[in-house]
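J.: After the sequence you'll find the predicted model.
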Amino acid sequence: MIYQSHYGTTKKYAQWIAEELGAELFERKQASVSVFNQYDMVIYGGGLYAGGILGVDLVSKVKFKHLVVFTVGLADPSMTDYTEIMAKGFQNKAFQPDKVFHFRGGIDYKRLNLTHRGLMALLKKIIEKKSEVEMSTEGKAILETY
Ligand SMILES: Cc1cc2nc3c(=O)[nH]c(=O)nc-3n(C[C@H](O)[C@H](O)[C@H](O)COP(=O)(O)O)c2cc1C
């Protein structure tokens with residue numbers, strides 16, 4: 001199990017899953033592909049940031065025996081279309097995950113670093129200009145939580 005998380009929600013899911021499965025847990029920064037190639041199954045979890053899966057390039061350019069991916073984002077997974085996010089993260093048709101899961105994370109605006117805080121303020125301004133129909137579920141979730 002490998003994960004990358006900025007604020008800990010993806011880490012929490014990774015810990016829960018690893019515990020349940022009895023899997024080894026690695027942070028993305030400690031991870032090297034050559035080590036993971038030896039495993040029968042690799043699970044990668046990444047937080048969603050601006051429509052991308054954090055650190056996913058580690059697993060999107062390699063053929064693993066079995067790859068399972070999960071994302072953690074603000075939007076309600078039951079209402080969200082992840083087609084673009086997955087296509088962007090896994091551009092090579094030969095290296096697609098066997099299975100993908102999407103979980104709901106959380107956000108504490110007070111804990112965001114300066115860059116993320118600025119980005120969210122900008123995103124909020126852009127989303128506010130959109131009409132209800134144009135708004136993505138991610139956009140709605142940002143406005144609801146901001
Ligand atoms: C700058 C920024 C961009 C984000 N972009 C998205 C996004 O595109 N889609 C989404 O569902 N959530 C987005 N989020 C919310 C995060 O995915 C959510 O807070 C998640 O729980 C963070 O995971 P982490 O705690 O493991 O870092 C964004 C958050 C920040 C701060």
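T.: Great, that's in hand. Quantities reported herein were computed from a predicted structural model and do not represent experimental measurements.
J.: what residue ranges in this structure are flagged as low confidence?
T.: By pLDDT under 70, the chain has no low-scoring segment.
J.: what's around the residue in the chain that the ligand sits nearest to, how many residues?
T.: Distances between the chain and the ligand by C-beta to the nearest ligand atom are smallest at residue 105, namely 2.0 Å. C-betas here are computed from N, CA, C, even on glycine. Neighbour count of residue 105, defined by other C-beta atoms under 10 Å: 19.
J.: check whether the longest helix along the chain contacts the ligand.
T.: Longest helix in the chain, counting residues (DSSP state H): helix 114-128. Yes: judged by C-beta under 6 Å from any ligand atom, helix 114-128 comes into contact with the ligand at 116, 119, 120.
J.: And for residue 84, nearest residue in space, chain neighbours not counted?
T.: Once flanking residues are discounted, residue 84 sits nearest to residue 51: 6.8 Å by C-beta to C-beta, 6 or more residues apart in numbering.
J.: Helices of the chain, residue ranges please.
T.: Using DSSP H, the helices of the chain run over 9-21, 33-36, 57-60, 83-89, 114-128, 137-145.
J.: Need the winner for burial among those.
T.: Of all those, helix 57-60 has the most neighbours on average by mean count of other C-beta atoms under 10 Å, namely a mean of 19.
J.: how about the CA coordinates for it, as CSV?
T.: Extracted in CSV, the C-alpha atoms of helix 57-60 (Å, rounded to 0.1, in the frame of the first residue of the first chain):
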residue,chain,number,x,y,z
ASP,A,57,3.0,9.1,-11.9
LEU,A,58,4.7,6.6,-9.6
VAL,A,59,2.3,3.8,-10.7
SER,A,60,1.0,5.0,-14.0
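J.: That helix - contacts with which helices or strands?
T.: When contacts are defined as 3 or more C-beta pairs under 8 Å, 6 or more residues apart in numbering; DSSP states H and E, helix 57-60 packs onto helix 33-36, strand 42-49.
J.: All set, thanks.
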